[in-house]
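>>> sequence first, predicted model second:
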Amino acid sequence: MTKLGIITGTQGVKGKLFVNTTEAINLDLKKVKDIYIGFSEKFSSKFVIIEIEKTYNGYLIVLEGVETKEKAEKLKEYAVFISNDFSNEHISLKDNDDIFGYVVYDDKSLKKIGVVEDVLMMPANDILVVKNKGQEHLIPFIEEFVSSIEKENKKIFIRTVPGLID
């Protein structure tokens, strides 16, 4: 994947996003169908582009499912990536159903922590809401905590630190 830029603002009330680019990237705007938005390449969500327009220092983009200014504002400060091939290791958090029901384990002890019941889309990073026996754990969905994901077995292994689970 290639980093296109950072979402720095919105335009209008229909959810149009401004992506500020820092490098000269030559895009064929007719071929770009989707983008990935997130904290990093690995932890990003796929979005379908409805409209894209080049500006003097970036792009104005309209995305499927982001049709209000409020929804667009939630994506500010996230990075935008483009790719021609979608990696099998990539997990999309836009379609939260993809990750609901995954069982979360401690990567060292292999102790079950709980089951993903929700995902909170936050400006800095996404948060997994993991529940087990009436307890709720909020786990940042970032590389520092998520050590691996087994899509075929619907398992997520995390590195625990003091205070994260207890």
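Structure received. Numbers count the residues shown, from 1 in each chain.
>>> leaving out sequence neighbours, find the closest residue to the spatially most central residue of the chain.
Central residue of the chain (C-alpha atoms, centre = their mean): residue 44, 3.0 Å from the mean position. Distances taken as C-beta to C-beta, 6 or more residues apart in numbering put residue 38 closest to residue 44, at 2.9 Å, once the chain neighbours are dropped. The way it works is simple: take the backbone N, C-alpha and C, and place the C-beta from them, glycine included.
>>> show the contacting residues for the one you found.
Listed by C-beta atoms under 8 Å, 6 or more residues apart in numbering, the contact partners of residue 38 are 44, 45, 78, 79, 81, 93, 125, 126.
>>> which of these count as buried?
The neighbour-count test (16 or more other C-beta atoms under 10 Å) marks 44, 45, 78, 79, 81, 93, 125, 126 as buried among these.
>>> give me the beta-bridge partners of the fifth one?
Using DSSP bridges, the bridge partners assigned to residue 81 are residue 3, residue 36.
>>> mind checking which of the buried ones among the contacts of residue 38 land in strands?
44, 45, 79, 81, 126 (DSSP state E).
>>> which of the residues you listed sits closest to residue 19?
Proximity of these to residue 19 (C-beta to C-beta) peaks at residue 79, which lies at 9.3 Å.
>>> I figured the closest one was touching residue 35, is that so?
No. Here residue 79 does not reach residue 35: they are 10.2 Å apart, not a contact under C-beta atoms under 8 Å.
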